[in-house]
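Undergrad: Predicted model, plus sequence, below.
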Amino acid sequence: MTFSAASAVLGGSAAAESVPRKQMCSTVRDGLVCISVTGRPGEKGLVGVRYQRGDDSTGRVRIGWQGNRADVPTRLSEEMKVSPNGTVARNWRITVPRGCVRALVQEAAGAGMAVRPGPWQCDKQQLQLSDLSRGEGAGGPAPATGRI
């Protein structure tokens, strides 16, 4: 499976004053999930998530994202059909959250419908990741991170 890091998660054009963060990607079970954020924390922007299936099966998935702060709700898309080696993507126009966000993929059938987390992506003010909520703080696995 190939996936260009230069491939944009976000479709269309962003406003000239928006600040894109580096796209972060990681392998999850049978594919690749990426997250990209455009905009400054506290201002209007986009969070984009893209999932590229890496096997020859067809399935249904939900993609989304979550933040590491209690005031940032987890967001999941509607179920989407993903074809063999296919890609699905979704953008959320939101007020860009402060802290870190990460992509999520949920298989809609089989595998216990587990939600598989992708990489963390953090804004400039997020200096430490030891207090990440949702069970991955100190003593947990080290999350993948990207800083802008």
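TA: Arrived safely, thanks for sending.
Undergrad: residues in contact with the spatially closest residue to L76 that is not a sequence neighbour?
TA: Distance criterion Cβ to Cβ, 6 or more residues apart in numbering; nearest residue to L76, sequence neighbours excluded, is G64 at 3.7 Å. All C-beta spots, glycine's among them, are computed from the backbone N, C-alpha and C. G64 makes contact with V49, T74, R75, L76, S77, R90, A103, L104, Q106 under the criterion Cβ atoms under 8 Å, 6 or more residues apart in numbering.
Undergrad: The same query, at a cut-off of 10 Å, please.
TA: 35, 47, 49, 74-77, 90, 92, 102-106, 115 (Cβ atoms under 10 Å, 6 or more residues apart in numbering).
Undergrad: What strands line up against the helix or strand harbouring it, and which way round?
TA: According to DSSP states H and E, G64 maps onto strand 59-67. Strand pairing for strand 59-67, determined by DSSP bridges: strand 75-76 (antiparallel), strand 80-82 (antiparallel), strand 100-107 (antiparallel).
Undergrad: in terms of contact, does N91 touch G48 like I think?
TA: Yes - with contacts counted by Cβ atoms under 10 Å, N91 reaches G48, the gap being 4.6 Å.
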